[in-house]
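*Asks:* attaching a predicted model along with its sequence, questions to come.
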Amino acid sequence: MTAQIHEKIIINGKQTTMISCPPLPQDNTFIEAVPRDELSEKILAGEIREPVLSTACWRCYIGTWEIRDGRFYLVDIVGCYKNISGNAVFADWFTGTLCIPQGRMTSYVHMGFESQYEKELLIEIEKGVVKGERIFERMGDTLHS
């Protein structure tokens, strides 16, 4: 498996990336699939520049997420899905941990999100609400808080 392209996340007004892929909502109220031929046409026309049809993006989309006022939102999505609401969507369907790499990459691994970074910010989310965060520093092969 190829190293995967990170999802995008906006924290405190600054865009960075995360090595987590929160699931998309299961209902189709906000998200609609983009037919493969339409996606290919948009890529050829230059409307989509992200490599969503690449071995580096097995999910075939890249989401942009945001943490704002202690809440987690899906802001945009590019690739085989699109946000049809036209607005940021409160991600109340998501409970889990977001992992945001910080600092330089210390070890590249050509698989998934296995590359290692100097630090990792972990943000705990419960039903779309931020419950806490921790920063871990890498010392050798292990992370320490």
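*Replies:* Sure thing, it's come through.
*Asks:* please point out which parts of stretch 18-36 sit buried.
*Replies:* In terms of neighbour count (16 or more other Cβ atoms under 10 Å), stretch 18-36 has its buried residues at M18, I19, S20, C21, P22, L24, F30, I31, V34. Heads up, the C-betas are built off the backbone N, CA and C, glycines and all.
*Asks:* state the mean pLDDT of that stretch.
*Replies:* The pLDDT scores in stretch 18-36 average 88.
*Asks:* how about a markdown table for the buried residues of stretch 18-36, with secondary structure added?
*Replies:* A markdown table is the format used below for the buried residues of stretch 18-36 (DSSP: H, G, I helix; E, B strand; the rest coil):
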| residue | secondary structure |
| --- | --- |
| M18 | strand |
| I19 | coil |
| S20 | coil |
| C21 | coil |
| P22 | coil |
| L24 | coil |
| F30 | coil |
| I31 | strand |
| V34 | coil |
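*Asks:* would a markdown table of the residues you listed with distance to S115 be doable?
*Replies:* Output for those, formatted as a markdown table (distance: Cβ to Cβ, whole Å):
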| residue | distance to S115 |
| --- | --- |
| M18 | 13 |
| I19 | 8 |
| S20 | 13 |
| C21 | 15 |
| P22 | 19 |
| L24 | 24 |
| F30 | 31 |
| I31 | 28 |
| V34 | 29 |
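*Asks:* can you give me the helices for this structure?
*Replies:* Secondary structure of the chain (DSSP state H): helices located at 36-44.
*Asks:* shaky segments in it?
*Replies:* 1, 108-109, 111-114, 138-145 (pLDDT under 70).
*Asks:* need the contact list for the residue lying closest to C57 once chain neighbours are set aside.
*Replies:* Excluding its sequence neighbours, the residue lying closest to C57 (Cβ to Cβ, 6 or more residues apart in numbering) is I5, at 4.9 Å. Each residue near I5 by Cβ atoms under 8 Å, 6 or more residues apart in numbering is listed here: E50, P51, S54, A56, C57, I62.
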